[in-house]
Structure formats: C-alpha cells, structure tokens
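In: please work out how this folds:
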Amino acid sequence: MAFSKREKNLIAATLAVLCVLSLDLYVLTPLLDRRAEARARRENLTVKTAHAGSLLQRSRLLGRTWRRMLAQGMKSDPATTESQILRSLRNWSADVGLRLSSLRPERSTEATELPEITVHLAGTGTMAAVSRLLLRIEEAKIPARIKMLQIGSRKDGTDDLSLHLKVSTLYCPATPMPPAKARKRPGANRGQR
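Out: Numbering: from 1, shown residues only. Alright, predicted model coming up:
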C-alpha cells in the first residue's frame, strides 16, 4: 500500500511528536527533576554547614566562658561553694549597708550534672542598699542567680524596706554524672538475664 505525500507527512509528524513526548517523558523530565533535587540538596547542605560552623564557633566561645567560670569561682566541693556564696552575700550586704536578719543555705537533693545550692536571705535596709546588693549579685564573678525577690515596706512613708531573696549558685562535682542514657534506676534489671 502506497502512502500519499499528505499521509507520509502526517505519519512523520505523528512520529516526531511521539519522539518528542517520549524524550520529554524519559529524558528531559527526569533530568530536570534530578537537577531540582540536587539544587535542594545543595541548599540544605549549605544551611547545615553554616549551622555546624556557628555551633563550632559557639562551642569555642562557651568553652572559653566555661573555663573562665571554673577558674574565677565555680568550685567542685559543695561545702566550699556554700561557704563562698554565704561569705559573698555577707560581705556584699555589709558593703551596701543592708542589715541581715537571716541567711540560710539549702542544698539541692536532685542528682544533676551541675548541682545547685540555694540561699534564703532576709534583711532590712534602704532602697539604695537593696538595689546595690542586687547589682552586686548580678555582676558577681561567682555563679550566682536570683531565683526569687520580694521587697516590702516596713513602715509606710519611709525608706525602710524588708527584703526576702533566694540566690542560687552552682558547683561542678569532681566526679561527673554518667550520661542520661547510662543512668539506671536501682533494681531496674533485677530478674532479667
């Protein structure tokens, strides 16, 4: 059977369209998809690399800060730490003119990597004395944090205030705590073999 020129052109056009469609379906579309995936992967890796770089820089900075804290005031013994914070609070109170009526330490019983000692302070003084004491605590070289602050007026119309304060400090035990995954509850593995 012989095809006319018109039929031949129609068959050639159909074959050309089929070839273009199959090239698009099997070559061009997968290639463009892989290119988009590669671009997305590259952007993701760029973000992760930048994040890792900032973490390394932050780690170096915090490492220096941690070493400075250890050198300047963080102790490893709870008794020494307690003595240090009590002595500091007494000295600061005396320096600023605050009269102490109570200074009571309390050690945390919670087993953490950085145990905490909280000191309950009660005293009286002027607004200037209270504010200077708070500034001393805030600028301390030793690790100290104000956990609770309560200020009240002892007599209306006078600059005679009562102060109740909770200040906490940290110490770094000489024997580090095991990682959280390694810690086990007592008796957790009894009867298992």
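
In: average pLDDT for the helix or strand encompassing residue 60?
Out: Assigned by DSSP states H and E, residue 60 belongs to helix 29-72. Averaged across helix 29-72, the pLDDT comes to 88.

In: same deal with stretch 94-101?
Out: Taken as a whole, stretch 94-101 carries a mean pLDDT of 94.

In: and it, end to end?
Out: 12 Å (C-alpha to C-alpha, to the nearest Å).

In: how far off centre is that stretch?
Out: Computed by C-alpha atoms, centre = their mean, to the nearest Å, the separation of stretch 94-101 from the middle of its chain amounts to 35 Å.

In: what residues sit buried inside it?
Out: 96, 98 (16 or more other C-beta atoms under 10 Å). C-beta coordinates here come from the backbone N, C-alpha and C atoms, glycine included.

In: before we move on, the earlier item: after the helix holding residue 60, next one along is what?
Out: Next element after helix 29-72 (DSSP H and E): helix 78-96.

In: so how many other residues sit close to residue 123?
Out: Using other C-beta atoms under 10 Å, residue 123 has 20 other residues around it.

In: please name the nearest non-neighbouring residue to it.
Out: Closest residue to residue 123 apart from its sequence neighbours, by C-beta to C-beta, 6 or more residues apart in numbering: residue 100 at 4.4 Å.

In: was I right about the one you found contacting residue 122?
Out: Yes - using C-beta atoms under 8 Å, residue 100 is in contact with residue 122, at 7.3 Å.
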